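S.K.: A predicted structure for the sequence below; I have some questions about it.
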Amino acid sequence: MLEPRRLAARNAAQRMAETLGETIGETVGYRIRGEAKTSSLTRIEVVTEGILTRMIQSDTELTGIDCIIFDEFHERSLNADLGLALCLEIADALRDDLRLVVMSATLDAAPIAALMGNAPIITSAGRAFDVTPIWLDRPLAKEIRFETAMVDRILTACNETQGGILAFCPGEGEIRRIEMALSTRIPQDCIVMPLFGTMEFTAQQRVLSPLQKGRKIVLATAIAETSLTLPDITVVIDGGLARRSRFSPATGMSRLVTERASKAEAEQRMGRAGRVQSGICYKLWAKSEEGMMPAFAPAEIETADLAPLALEIANWGGDVNDMAFLTPPNDALYSEAISLLQMLKALDRSGHITAHGKILVGPPVHPRLAHMLACGGRTAAGPAALLSERDVMSRGATVDFKHRLDALQKPKDSRQNTNHATLSRVKNDVKRLEARFSKASDMSIAQLIAHAFPDRIGKRRKGDESRFVLSGGKGAVMDTADPLANASYIVAIELDGNPREAKIRQAIEITESEIRDTFETDLIRHKICNWSKRDQRVLARVQEKLGNIILSDQLWKDAPEDVIAKAMIDGIREIGFGWSPAEARFLSRVRLVSDQMPDLSDDTLMASLDTWLLQYLKGVTSKEGWKKFNCLDALRAILTWDEQQKLDHLAPAYFITPLDRKIPIDYDGEYPSIELRLQEMFGQTTHPVVGATPLRITLLSPAGRPVQTTTDLVGFWENSYSDVRKDMRGRYPKHPWPEDPRTADPTLRAKPRS
């Protein structure tokens, strides 16, 4: 018989034994992690859900077991879903005599019955008393804290009712705050008793036992929703919240989220008030809000880290798509799980389990920690046990994992901020894990933890803030006041799962040499040649990397010219073109006769840099170098020889003056244009043209100042020249100003001295 929690397993066994008039270990026994009470007389064994998977993997026929009961199946834990899927395969292929029973007070029975081959549904009304629900008159105002509202509701219940009170809270933190707030406000006969999973078993048992005197106020997590009967409880206060673990494939991390409880959970909680007599349930929400509550809580297989599930399925030899899951695993989460297991060398590239992966199936810990144990043996038992439990240090403690080790190894030196109940369980787990290994390792604790979290090796970023980049590519941040904040390298063990930049909750410092020793075969040398926006130049580096962190970064002295040129192309795309006058004139000429030339628009040239420019960029490595670079040869080479000849004919680059001088023609305007001294055009009797278009000529004085702009030189000689001559002779008497410029010789000289 499977139970979702250790406390539930013990108490279910205890209850059944009492109904038989026996003690635990006779007809009814139990087995949980690290503890068992059975004998040769035992016929009913109550186990936690993970135990079943271990039993199946070690004995696929489940020898000696006739019936398996999945109790409280509505909680939809990962282990329960996997256990049922495996049992259905066993019943179908190996054990047609194996009986399977699924039990729940709130489960939608039809889908699970269909999954089990149209199994019969048996309904029992059970023995329950009426519970009167009391809702808030209106929804709770957002500015009212949860703890404040719960305290008020508890005090109201104390005044209005008799009997014990069970108040449901999302977690231990809320329980502790409510407990403190109630300490001075409750009636003298009331006793506040916390109940959560990490408490010592003896303390949990005291809560479950009836009080001889006084009134009990139990502040509990979801541990009290099912499987437990608190005999003196007649009042329930439901805070309406649930805390769940959500795994994000984007970050590769889980984080706890607090969200609205489901209707099924609310029904279970309310039922706690009617176990021994009629009761009352105070709800911390208005009745109008119930329509927004989900019908059921999400199955763990939809939101959890699926690495343990994927490893078990690979070890089983099954295909996840063929297995009988009531809810199929989330595809993204399952893919992330496969990637992690491949990183841990548990699966090969095809997804099949490796010899190392079979070793990881054995220890009752997450595959990360099993990998650490396989690498470190007895030395890893302490860290693995600590990381399998909740943090042994209370909130506000340093993130440094070594302080947790000190609490385990030197408890007298670590009394403050230590959860002793959790620490006690860790010590028991250490003994069990150590018993599995005969050899120790000479690796440091940091190296062992790095084996478990190879994707969370962190390198501190530059700057005053304690920000790290992780080997898996994510970012993480640490409180700058933490003693570990200035570490150059860390292994981030626990993070809050923030998708942008996760906050580090636990970490351990590791040295670069330890990283190199641990991941020697995983280090990759990258030769990188990129355009740097910050430096505005090409940077060629040789980097040694572990995942996304850079361990060494050196200059790549002999980077090939073509590699540098390709990086420079990226720089040019950022900088853009800054055409020189000569380059601009060439492009204007081509664009003037574009119907007969290739497209040399800026957009086209930018899009095809690799084609026309790459081979000419030798030696250009920076923005300054690009500014000085002459593109004219590269631009000319885009045209064929015939196209260049046609261009020179249709849109010549120069005008040949009567003195045989080449004057560049500017095509950037309505008319192609030139500028030259007026005297150099003496003797020119026709107006120069480009094709059928007249040149716009700007005639300059001997001092280089514009005298006249014309597109009709012949008309200028006949009409305006005489006025210009009168004006210019007085200003520049040393230069020739003939009466008829059409018959004069062109010149750039002054008149010879007499």
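M.R.: Everything's here; your move.
S.K.: domain-wise, how is the chain divided?
M.R.: As given by automatic domain parsing, the domain ranges for the chain are 2-115, 131-302, 363-522, 523-651, 654-731.
S.K.: span of the shortest one from start to end?
M.R.: Which is domain 654-731. 30 Å (CA to CA, to the nearest Å).
S.K.: quick one, phi psi at Lys37?
M.R.: Backbone geometry at Lys37, expressed as degrees, to the nearest 10, gives phi -140, psi 90.
S.K.: I'd assumed Tyr30 was in contact with it.
M.R.: Yes: here Lys37 reaches Tyr30: they are 5.7 Å apart, a contact under CB atoms under 8 Å. Using the backbone N, CA and C atoms, a C-beta is placed for each residue, glycine as well.
S.K.: what is in contact with these two at once?
M.R.: Shared contacts of Lys37 and Tyr30, defined by CB atoms under 8 Å, 6 or more residues apart in numbering, are found at 13, 24.
S.K.: which one of those two is surrounded by more residues?
M.R.: Tyr30 (29 against 20; other CB atoms under 10 Å).
S.K.: send the alpha carbons of stretch 630-645 over as PDB?
M.R.: Provided in PDB are the C-alpha atoms of stretch 630-645 (Å, rounded to 0.1, in the frame of the first residue of the first chain):
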ATOM      1  CA  ASN A 630      39.800  53.100 -50.400                       C
ATOM      2  CA  CYS A 631      36.900  51.000 -51.800                       C
ATOM      3  CA  LEU A 632      37.200  52.200 -55.400                       C
ATOM      4  CA  ASP A 633      39.000  49.200 -56.700                       C
ATOM      5  CA  ALA A 634      36.500  46.800 -55.000                       C
ATOM      6  CA  LEU A 635      33.600  48.800 -56.400                       C
ATOM      7  CA  ARG A 636      35.100  48.900 -59.900                       C
ATOM      8  CA  ALA A 637      35.600  45.100 -59.800                       C
ATOM      9  CA  ILE A 638      31.800  44.600 -59.500                       C
ATOM     10  CA  LEU A 639      31.500  45.700 -63.100                       C
ATOM     11  CA  THR A 640      32.700  43.500 -66.000                       C
ATOM     12  CA  TRP A 641      35.300  44.900 -68.400                       C
ATOM     13  CA  ASP A 642      32.500  45.600 -71.000                       C
ATOM     14  CA  GLU A 643      30.400  47.300 -68.300                       C
ATOM     15  CA  GLN A 644      33.400  49.500 -67.300                       C
ATOM     16  CA  GLN A 645      33.900  50.500 -71.000                       C
END
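S.K.: now render the domains of the chain as JSON lines, adding distance to Glu312 and mean pLDDT.
M.R.: Converted to JSON lines, the domains of the chain look like this (distance: least, CB to CB, whole Å; pLDDT from 0 to 100):
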{"stretch": "domain 2-115", "distance to Glu312": "6", "mean pLDDT": "92"}
{"stretch": "domain 131-302", "distance to Glu312": "12", "mean pLDDT": "88"}
{"stretch": "domain 363-522", "distance to Glu312": "10", "mean pLDDT": "90"}
{"stretch": "domain 523-651", "distance to Glu312": "27", "mean pLDDT": "93"}
{"stretch": "domain 654-731", "distance to Glu312": "74", "mean pLDDT": "92"}
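S.K.: any chance of those domains in a markdown table, with distance to Ala750 too?
M.R.: A markdown table is the format used below for these (distance: least, CB to CB, whole Å):
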| stretch | distance to Ala750 |
| --- | --- |
| domain 2-115 | 101 |
| domain 131-302 | 81 |
| domain 363-522 | 68 |
| domain 523-651 | 29 |
| domain 654-731 | 8 |
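S.K.: enumerate the beta-bridge partners assigned to Gly458.
M.R.: Leu470, Ile490 (DSSP bridges).
S.K.: tell me the buried residues in the helix or strand encompassing Arg15?
M.R.: Using DSSP states H and E, Arg15 sits in helix 6-19. Going by neighbour count (16 or more other CB atoms under 10 Å), the buried part of helix 6-19 is 6-14, 16-17.
S.K.: for those residues, which one is nearest Ala651?
M.R.: Arg6 (89.7 Å; CB to CB).
S.K.: contacts made by stretch 342-352 with the rest, please.
M.R.: Against stretch 342-352 from outside (CB under 8 Å, 6+ apart): 310-311, 314, 338, 341, 353-354, 356-357, 360, 367-368, 371, 454-455.
S.K.: quick one: end-to-end length of that stretch, please.
M.R.: Terminal-residue distance, stretch 342-352 (CA to CA): 9 Å.
S.K.: quick check: mean pLDDT of that stretch?
M.R.: With pLDDT averaged residue by residue, stretch 342-352 scores 94.
S.K.: and that stretch, how far out from the chain middle?
M.R.: Its chain's average C-alpha position is 22 Å from that of stretch 342-352, according to CA atoms, centre = their mean, to the nearest Å.
S.K.: ok, and for that stretch, which residues are buried?
M.R.: Buried, per 16+ other CB under 10 Å, within stretch 342-352: 342-347.
S.K.: name the residues that touch the helix holding Arg15?
M.R.: Contacts of helix 6-19 (CB under 8 Å, 6+ apart): 1, 3, 23-24, 26-33, 37, 44, 46-48, 71-72, 197, 201, 204, 208, 223, 226-229.
S.K.: same deal with stretch 458-468?
M.R.: By CB under 8 Å, 6+ apart, stretch 458-468 touches 469-471, 475-480, 482, 485-492, 501, 504, 507, 549-551.
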